[in-house]
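Participant: compute the structure for the input listed below.
(chains A and B)
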Amino acid sequence: MAFLRKSALVLILLVVFSTPFRALTTEGHEDTYTLSKNSAANTGSTTNTSSAGNASTGITTLPIVIWKWHHVETPYLVALWILTCWLCKLVTQLNHNFTKIIPESGLLIMLGFVLGGMVWGADKAQTFKLAPINFFYYLLPQIVLDASYCMPNKHFFGNLGAILLHAVIGTCWNAGTVGIALWGCYEGGAMGTLNIGCLQFLLFGALLSAVDPVAVIAVFEEVHVNEVLYILVFGESLLNDGVTVVLYNVFDAFVSLGGPKIDAAEIIKGIISFVVVAFGGSFIGVIFAILTSILTRITHKVQVIEAGFIIVIGYLSYLTAEMMSLSAILSITFCGVCCQKYINANMDEKSVSTLRYALKVMANGSETMIFVFLGVSAIDVNIWVWNTGFILLTILFIIVFRITGVFFLNWILNQTRLIPISLTDQFVMGYGGLRGAVAYGLAAGLDEKKIPEKNLMLSTTLIVVYFTVVLQGITMKPLVQWLNVKRATLSDLTLNGKTANRVFEHTVTAMEDICGRMGDNWWTRHWNHFDKKYLCWLLMKKDARKINDKILAAFHTLNVEDAKNYVIENESKGSLGFIRNYDTANVDFKKKLDLDYADFMPDIMADMSDYDFNIDNVPVNSMVKHPVPSVSLDIHEQDRMNINEDLNAHHVLDEHLYKSRRFNRPTYSRNNYNSNENPDELQEIFQRTMRNRLESFKAAKRSVNPAKKIPKHLKKDSPLKPNNKPADPSRTHPYGDEAGIDNPGYIDETDSCPPMRTPPWQRQTGSSMNVAPSQRAQGRLPWTPTNLRRLAPMRMSNRSTDSFMMADTYEEPPDEKEEQPGTNTKL
Amino acid sequence: MGASQSGQPHEFQHLSDKTGFSIEQIKNLHNRFEYLTQDEGTLRREHLENIENLALNPIRKKIIEAFFDKRNLGQEGEGYLDEIGFEEFLTILAFFTPSKQRTGEDDKQKTRKEKLRFLFNMHDTDNDGFITLDEYRHVVEKLLSSNETIEIETAKAIADAAMLEVASVTVGRMGPDEFYEGVTFEHFMQILKGLEIETTMNINFWNLDSTAFQCGKSK
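Facilitator: Prediction:
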């Protein structure tokens, strides 16, 4: 019900938004050819009589406001259509029951029908169409750029051979066989009389041979098939668009030449042009990728528009290739694929996510518009020419030849592939040959003079697109389930996954070396070597090179995750209350300490003030350093309450993120946002977050020992294993007195470990305390002076405890000293 | 070399049954073996260390050790041999044979286990059934050693974090009273279940023709 209401609302909105179109179109659709969605050539409604409106007719008196529709008409309509299309997407997402069955792309096409119907109803003609020029220049590039920029590089290059084979040979095969088979049927009389020759059929086959990346991504993203299958289908669909356009141009030229003039020389020229166009386009893309990468080495100076550079250069690579009549799609594809590694390393993390999101917005947006307009364009009586035989045979041939082609090529590939492509995967690949907007764009771009049956081809293309996107899209998911196609495994973002993967890659290459085989790994490895030595040197910033390592990146991600989780988790527990307690307590503790025990606990004092209060928290700092009489203490406490929130946040950041060296002022600037550019940052983040991780782990284990250090120490001391090796790991242990990461860790109390390792006070308390001693828990401080007194001598005499605390060198000395009171005070 | 090969087909057949290599492959590998050992008949560490291409490999020591690891060779006891014969050489390489097409799920699991065990043994140098933190750190340090700018501290921190991850994954599932001493093989399998090792830890042995290995190593 709620859904109905919502969708009704949106539909009303749609109607409201389409009224301007009616208003426009009833006025007589002047200027509509400039509208980006409008194809002047197709509508034939280019009566540019320009009723230029009230504004230009001369004024008699000063108007206060003027209705200047014609000034804004074009951009206004474009913006409205964009909004309308996006609202359509919103409508499709309102109810997941629909999208579960019908893929979103199909739903969008259907909504496009509705919209098209509205326009038709208002105009009695289809004023808005997807014009090829708009499609190829304004809608397609960002989709391809996004797809290639987000391409899983490793899989792409790992399967490049297979992808190229499918994209080049497979596409040619599709084009040729479909064209010839249709021609054969035509000659056999299956479709009545048509004014189509063999070459035109081949041209038609060529334009239908493109597997559309937009449709494929839309459908396959929802089904999560395994990576290899995904990359094969996806990579193929990206590359074969380029190939299709090239093929289309070659055949188009042939058609223009006319049958009789085509001889062997022309055919050879065609093949040469095919190769040149395809490889030339890719080459341009690579050049632009290099340019982009070099440029991003310095763009950090203008970080705000950094992400924009990539988009613009990507688009330029597209246009440049187009200008040189090379394959634009291949150009932008390779530009995106090749530069991603370097620009991701060069740019600031923020810019990378900005770029990602910007590309996603643009790509998703134009994808939506493409599908909607595929629907809108269909509502036009003028283009529909029905020929049952032609249409049905086309659909049949497309599916049959696609599947046979895929099987044949995969059979060839499987002869040499280490891991053969399974039969079910092959079938899905074949079935996943969705046609989409590229085919439509090419068909709409046909020249009616050369091809008299253009409208038949266009309507057939539309039918094919609807058939493949909607029907095959709907059946894809059940099919994948039914065939039990291997699904994608969860990505191994884990550190262990990365490490193990690395170990394992090295092992495999080493084995190849030992066997003396120059395998695929040989190439990969040598490429990597070259990449590291020369390309990174050329294309990456110096500090980016430093941290350019997958393991490191995974580690970094994990750390950031951790820090985030930590804050979120604790905020949910009550807005950092735990820290508030801690802070107050700590400060009080210190103040009191300072006053009462300063004489015999100097080093604790020093440690703590060193540690905690070098945050830019002047009041506290000054208070500790210059102890004031107890009366005024309270006053200061009152003062501090006001800044408590600030202090807490700051404290969290300071503890668990990177210590802010600068005081970030909340200023607005068009050009900068504050960022840490400190080269020490990485190192410090490691240290801090490592500590954090250890602490939280300890907390999770409910332990009180700083045991992470202990086992290690043990190991060094004795050749024996610290713990009695458990014959059966199932033996039970007393809870909670144990922890530690390295934690061969389970130190149980009955263990024969030397007493020195677990200081007596910890030992006693181990079982009695249920509370984790993480630094957050340090709020539990000794409230009574007696505790302190008991502690103090120990602390003083026991300098050596620090030595094992320091066994792990990644702890900064002041920090671990700070831990010491924390542990001690557990008493 | 020709002399040493004569009269061996029978032996090769025996090896082929044992390791799953085809006779052809075994012949090729035997050539390679003799090349590596310089016809000495047994393979020692320095033979492998001399392979040029291995020089780039950050964990070559571990890999070379794996050849002499009794656990991998299926021999009694533990520890490392000083030299191995051709049969042992094949046994190690057999870890990297691709599994047959269309094997059952059980077989797949078995291969997977074997391959993972090989990796595990590479980590677990002291052969106590656990990858301790020190062992893990060692591996990570080596892995990152090619990148000069990463300090040892960082490598250590990474190893610690990785270990913590193992602990939190495995212990988290098994309850707090579970004894945890280091990465056991079960844990190793558990954390790596995302890694498709049974299909990727393979080498194409079949096109290992004699020309390839000669140009693979130019004097």
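Participant: do the top helix by length along chain B and chain A meet?
Facilitator: The longest helix of chain B (DSSP state H) is helix B:152-174. Yes. Shown here: helix B:152-174 in contact with chain A (CB under 8 Å from any CB of the partner chain) through B:153-154, B:156-158, B:160-169, B:171-172. (Each C-beta comes from the backbone N, C-alpha and C, glycine too.)
Participant: packing partners for the helix or strand that comes right after that helix?
Facilitator: As assigned by DSSP states H and E, the chain's next helix or strand after helix B:152-174 is helix B:185-191. In terms of contacts (3 or more CB pairs under 8 Å, 6 or more residues apart in numbering or on different chains; DSSP states H and E), helix B:185-191 is packed against helix A:495-515, helix B:105-123, helix B:152-174.
Participant: interface residues of the stretch 1-150 of chain A facing chain B?
Facilitator: Checking the stretch 1-150 of chain A against chain B by CB under 8 Å from any CB, there are no hits.
Participant: which residue ranges form the helices in the stretch 1-150 of chain A?
Facilitator: A:2-26, A:40-43, A:69-94, A:96-101, A:104-123, A:132-134, A:140-149 (DSSP state H, counting those that start in this stretch).
Participant: repeat for the stretch 401-550 of chain A
Facilitator: A:423-431, A:437-444, A:454-466, A:473-483, A:495-515, A:520-530, A:536-539, A:542-546, A:550-572.
Participant: identify the residue spatially nearest to A:Leu194, adjacent ones excluded.
Facilitator: A:Glu453 (5.6 Å; CB to CB, 6 or more residues apart in numbering or on different chains).
Participant: for that neighbour, give its distance to chain B.
Facilitator: Remark: distance between A:Glu453 and chain B (CB to the nearest CB, to the nearest Å) = 48 Å.
Participant: next: A:Asn410.
Facilitator: In terms of CB to the nearest CB, A:Asn410 sits 13 Å off from chain B.
Participant: wait, isn't A:Gly441 in contact with A:Phe136?
Facilitator: Yes. Look at A:Gly441 against A:Phe136 with CB atoms under 8 Å: they come within range, at 6.0 Å.
Participant: who has more neighbours, these two?
Facilitator: Per other CB atoms under 10 Å in any protein chain shown, whichever of A:Gly441 and A:Phe136 has more neighbours is A:Gly441, with 25 against 20.
Participant: thinking again about what came up before, which ones are touching the residue nearest to A:Leu194?
Facilitator: A:194-196, A:200, A:385 (CB atoms under 8 Å, 6 or more residues apart in numbering or on different chains).
Participant: so which of the residues you listed is the most crowded?
Facilitator: Highest neighbour count within the contacts of A:Glu453, by other CB under 10 Å: A:Gln200, with 25 neighbours.
Participant: so where's chain B uncertain?
Facilitator: Residues of chain B meeting the criterion pLDDT under 70: B:1-10, B:53, B:56, B:75-78, B:98-104, B:146-151, B:169-182, B:193-219.
Participant: for it, what spans make up the helices?
Facilitator: Counting by DSSP H, the helices of chain B are B:2-5, B:9-19, B:23-37, B:45-49, B:60-67, B:70-73, B:86-93, B:105-123, B:133-144, B:152-174, B:185-191, B:197-200, B:210-216.
Participant: can you tell me what sits against the fifth one?
Facilitator: Okay, so that is helix B:60-67. A:503, A:506-507, A:510-511, B:43, B:45, B:48-49, B:54, B:57, B:72, B:80, B:84, B:88-89, B:92, B:118, B:121-123, B:125, B:139, B:142.
Participant: just the buried ones among those, please.
Facilitator: A:503, A:506-507, A:510-511, B:43, B:45, B:48, B:54, B:57, B:72, B:84, B:88-89, B:92, B:118, B:121-123, B:125, B:139, B:142 (16 or more other CB atoms under 10 Å in any protein chain shown).
Participant: quick one: buried residues of stretch A:83-93?
Facilitator: A:84-85, A:87-89, A:91-92.
Participant: so after the longest helix belonging to chain A, what's the next helix or strand?
Facilitator: For chain A, the longest helix by residue count, based on DSSP H, is helix A:264-296. Where DSSP H and E defines the elements, the next helix or strand beyond helix A:264-296 is helix A:303-323.
Participant: what angle do helix A:437-444 and whichever helix or strand comes after that following helix make with each other?
Facilitator: With elements assigned by DSSP H and E, the helix or strand that comes after helix A:303-323 is helix A:328-346. On the basis of axes from the mean of the first three to the mean of the last three CA atoms, to 10 degrees, helix A:328-346 is oriented at 150 degrees to helix A:437-444.
Participant: helices or strands up against helix A:328-346?
Facilitator: Packed against helix A:328-346 by the contact rule (3+ CB pairs under 8 Å, 6+ apart) you find helix A:140-149, helix A:153-158, helix A:227-257, helix A:264-296, helix A:303-323, helix A:349-378, helix A:536-539, helix A:542-546.
Participant: list the residues that contact A:Leu316.
Facilitator: A:Phe288.
Participant: next: the one 4 residues further on.
Facilitator: Neighbouring residues of A:Thr320 by CB under 8 Å, 6+ apart: A:284, A:288, A:331.
Participant: out of those, which comes closest to chain B?
Facilitator: Distances from chain B to the contacts of A:Thr320, taken as CB to the nearest CB, are shortest for A:Phe288 (28.5 Å).
Participant: tell me how many other residues crowd the nearest residue to the closest one once chain neighbours are set aside.
Facilitator: In space, and not counting its chain neighbours, A:Phe288 is closest to A:Ser317: 3.6 Å by CB to CB, 6+ apart. Using other CB under 10 Å, A:Ser317 has 29 neighbouring residues.
Participant: pLDDT at A:Ser317, what is it?
Facilitator: Note on A:Ser317: pLDDT of 94.
Participant: distance-wise, check it relative to A:Gln142.
Facilitator: 13 Å (CB to CB, to the nearest Å).
Participant: go on, A:Cys172?
Facilitator: From A:Cys172 to A:Gln142 the distance is 28 Å (CB to CB).
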